[in-house]
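In: Quick one, structure for this:
(2 chains)
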Amino acid sequence: MADTAAPVLAIEGLTVALPMGADRTNAVEAVSFSVGPGEIVCVVGESGSGKSVTAHSVMGLLPRELQATAGEVVLQGEDVLKATTARRRQLRGTRMAMIFQEPMTALNPVMTVGDQIAEVLEIHADLSQADRRQRVLEIMRAVQLPGPERLIGAYPHQISGGQRQRIMIAAALVLDPALLIADEPTTALDVTTQAQILKLIRELQGRRGTGVLFITHDFGVVAEIAHRVVVMQSGRVVEAGATADILRRPRSDYTRMLIASVPSLKPPPRAPKTGTVAVQTVGLSKTYRSGSFLFPGRVVRAARDVALEVRRGETVGIVGESGSGKSTVARCIARLVEPTSGAVRIGDIDVARLSERHLRAHRRHVQIVFQDPYRSLNPRRTVGASIVEGPMNFGLEAAEAKKRASRLMALVGLSPEVLDRYPHQFSGGQRQRIAIARALAMEPQLLIADEAVSALDVSVQAQVLKLLDDVRQRFDLALLFITHDLRVAAQICDRIAVMQQGLVVEQGPTAQVFAAPRHAYTRALFEAAPGRTVDFGAATTPA
Amino acid sequence: MTIEALPGELARASPAARRRGTLRALARNPSVVIGAVIVAFLALVGLLAPLLGTIDPSEINPAFRNKRPGAERTIRESDGKETAFVHRFGTDSLGRDVYSRVVYGARVSLLIGVTVAVLAVGIGLFIGLIAGYIRWADGVVMRTMDGLMAIPAILLAMGVVSLSRAGLVAVIIAIVVPDIPRVVRLVRATVLTIREEPYVEAAITVGTPTPTLLVRHVLPNTVAPLIVQGTFICASAILIEAILSFLGIGIPPETPTWGNIMAEGRPLFRVYPHNIFYPGVCLAMAVLAINMLGDGLRDTLDPRFAKRV
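Out: Numbers count the residues shown, from 1 in each chain, chains lettered A, B, ... in the order given. Below is the predicted model of the structure:
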């Protein structure tokens, strides 16, 4: 790329100290790298690697407790760490701009999107109102928003997540900054929207020659967009280089481990499972209505006529984007919500229509592991108490339940001695193991994993996936695996069902669906998967 | 299978230690400390009233009416012994000792504050849990609460008192009833957010019966906001009792409460302000202290208000 030109951003030996009592002395330590004009540099790392702190120190947005103690951050020849607050404010917007992960919270909900873009012009440029409106419309066209004249007066909640992120990008680029910092800008978006946003960023920065500092945890996104990659771990740069080199020939063990942990999009061959049917749904539908009987409001058909079956020992994946109804199906099967119509057969009983009283006896057969490991365990109770709660509800003696909990802790790879600790004392991956132990304590027939690995770092994700696959084999469990991540689905599922707007649009053996998707939506999903061209994760296949 | 390294926070630990941490944080908060000291002082004054140089607060002495603070009088006891007694806060229009009345008045005022707070929080908590968790009960309960809230608290209290003979119990009921909706709304709002938490859903899927679920997983989340709300209710109950007494519909006038004493002093307020001044200062101090305590508790217990370190 533009290696010969002077870099837009040069970070030299940047060190940011953490406050006393943190688990390490520096949030980032002696970090050096540069971003050239027209270049996209991806900073990639797991949570706690210091990648966001690095980006925020460039913008001067560090929280007060964090201070850059050494090094310099040179933006077009000017050290922003030494700049005054006023000067830094001037630089933000004109020379550097930032887009954030969550476009809903980064936009002001009570201001029209047009005004929010215009605000940047108002602060930094001396333009008449008509000229401002003209510039806003221009940039909205540049980020390919449909009907800018109509959208300019819309409020953030009236437009989609992808459109919101386009507005954020428009506001960031309206003054043509030399540097764009993107902090996980597509993490909260659906995969098809993500593909569009990534394409947009690449086009815009290519045309305008903007240098981009792109923060991400996703190697698929890296493969898709980066010219150069900086890999960070615990506040230090472990490796930096051209994208192709890093992805194909990583030099450090850490990078190699990270890349190996990314699940491959190629499903391994799997023998069809022939166990007895553990759960079967027939014509399962869930309709949400707002408003009252007399004044009907919006009707959302979250699940329509869903027919699925999961056999003992089999893993069935439901994949789809947000709002596709995949979680609704899971919650109907677990009877956390009551289906509007249809049947959920577990054994020879239809649990869809059972009253709360009769339901209790059947609850043990279906267990869920939730997405967010920080919220799925009661913070006020020891993990031991959480695990034994279920079995004791069904009359198991306290001592017996404790023994079972100890056995399960060992099974999920944790020491039984930590049973009397509290959830906050464990990491995300460990909490997810505990949640799995709690589910297994009920000796269920069906285990539902609702995005159970989506909130985890990629290396931890690989371990938890392996654990799920192990317990499935060991207990001959039926595993219903809800995910938005095609890579994960490819590796763990025997069969997958693709859902869109409440409907199952395609269903079949994983290898077959991946090799020859029949439905247009499935094809669109696969095409949007970032980093398709790179073959990741030779080492992970849990099969 | 490898296990990821335990995080650094592991060293920190047990709930007992965390509780000690909360206590230490409370002790460091100036408004908690000041509020608690004043409240404790007033409570002690009320408890030890007979030992604080007081005489019978309802003893009438027609010959010694409307004396200014500092007036001296000789008391002749049944055995003929005579002692000099100083009316530190003066006497009221019936010749009763204002100092004794204010000191004894602390008993009733604080008793009403605490009782009302405990009752309102207890009843409100129960109703709020039910309204928040049981779908079909929600509409009925909350519309009833809205109805209660639509009536001004004082009017409602006057109505309740007028239904029975005025007395301590009637006054407490009259003050508790309008306070219940405030607690119910708070508890219900907390329950509505907590019931969506995955750990509550996880408890449902392991077959935890609803009452256990509420007590074990939902209730603990409401404790901190309720302690705070309780202190505010306590302060407002003391005020409302004073208002009711002042209006002459509260506690019978022979029982001293700060409100009663002020009501007594009202007609001659311009000539003998001491009758209103002393109980007024006590009332203001008590309400201020309890509110400070509540503010401080909220700052420490509610993480949303916690100052950043």
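In: pLDDT-wise, which helix or strand of chain A ranks last?
Out: In chain A, no helix or strand scores lower on mean pLDDT, DSSP states H and E than helix A:103-106, which sits at a mean of 79.
In: So which other helices or strands are in contact with it?
Out: On a contact count with 3 or more C-beta pairs under 8 Å, 6 or more residues apart in numbering or on different chains; DSSP states H and E, helix A:103-106 meets helix A:161-173. For every residue, glycine as well, the C-beta is placed using N, CA and C.
In: hey, C-alpha coordinates of the helix it packs on in CSV?
Out: Provided in CSV are the C-alpha atoms of helix A:161-173 (Å, rounded to 0.1, in the frame of the first residue of the first chain):
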residue,chain,number,x,y,z
GLY,A,161,-29.3,-0.9,12.6
GLY,A,162,-27.4,-1.0,9.4
GLN,A,163,-28.7,2.4,8.4
ARG,A,164,-27.8,3.8,11.8
GLN,A,165,-24.2,2.6,11.3
ARG,A,166,-24.2,4.3,7.9
ILE,A,167,-25.3,7.5,9.6
MET,A,168,-22.5,7.2,12.1
ILE,A,169,-20.1,6.7,9.2
ALA,A,170,-21.6,9.7,7.4
ALA,A,171,-21.1,11.9,10.5
ALA,A,172,-17.6,10.7,10.9
LEU,A,173,-16.6,11.3,7.2
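In: Could you check the strand or helix carrying B:L244 against chain A for contacts?
Out: Following DSSP states H and E, one finds B:L244 within helix B:220-246. Yes - shown here: helix B:220-246 in contact with chain A (C-beta under 8 Å from any C-beta of the partner chain) through B:P220.
In: Which helix or strand lies directly C-terminal to that helix?
Out: Using DSSP H and E, the helix or strand that follows helix B:220-246 in sequence is helix B:258-265.
In: does chain A sit close to the helix or strand just after that next one?
Out: Using DSSP H and E, the helix or strand that directly follows helix B:258-265 along the chain is helix B:274-301. No - applying C-beta under 8 Å from any C-beta, one finds helix B:274-301 separated from chain A by no less than 13.9 Å.
In: What sits closest to A:G77 if chain neighbours are left out?
Out: Leaving aside its chain neighbours, A:G77 sits nearest to A:A6 (7.4 Å; criterion: C-beta to C-beta, 6 or more residues apart in numbering or on different chains).
In: tell me the secondary structure for that neighbour?
Out: coil (DSSP: H, G, I helix; E, B strand; the rest coil).
In: Repeat that for B:T83.
Out: Per three-state DSSP, B:T83 ends up strand.
In: Please name the bridge partners of it.
Out: B:T83 has these beta-bridge partners by DSSP bridges: B:I75.
In: re earlier: where's the helix holding B:L244 relative to the chain centroid, distance-wise?
Out: With C-alpha atoms, centre = their mean, to the nearest Å as the basis, helix B:220-246 stands 4 Å off its chain's centre.
In: do stretch A:334-347 as well
Out: 28 Å.
In: any idea how far B:P209 lies from A:G241?
Out: To A:G241, B:P209 is 59 Å away according to C-beta to C-beta, to the nearest Å.
In: list the buried ones in the least confident helix or strand of chain A?
Out: A:103, A:106 (16 or more other C-beta atoms under 10 Å in any protein chain shown).
In: List every C-alpha atom in that helix, with coordinates, as CSV.
Out: Output in CSV follows, covering the C-alpha atoms of helix A:103-106 (Å, rounded to 0.1, in the frame of the first residue of the first chain):
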residue,chain,number,x,y,z
PRO,A,103,-25.0,2.7,16.6
MET,A,104,-28.2,2.9,18.7
THR,A,105,-26.4,4.2,21.8
ALA,A,106,-23.9,6.3,19.8
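In: Please compute how far whichever helix or strand comes after it lies from its chain's middle.
Out: Once the chain leaves helix A:103-106, the next helix or strand it forms, by DSSP H and E, is helix A:113-124. Centroid separation for helix A:113-124 versus its chain: 30 Å, with C-alpha atoms, centre = their mean.
In: okay, now A:T84: neighbour count?
Out: By other C-beta atoms under 10 Å in any protein chain shown, 8 other residues sit near A:T84.
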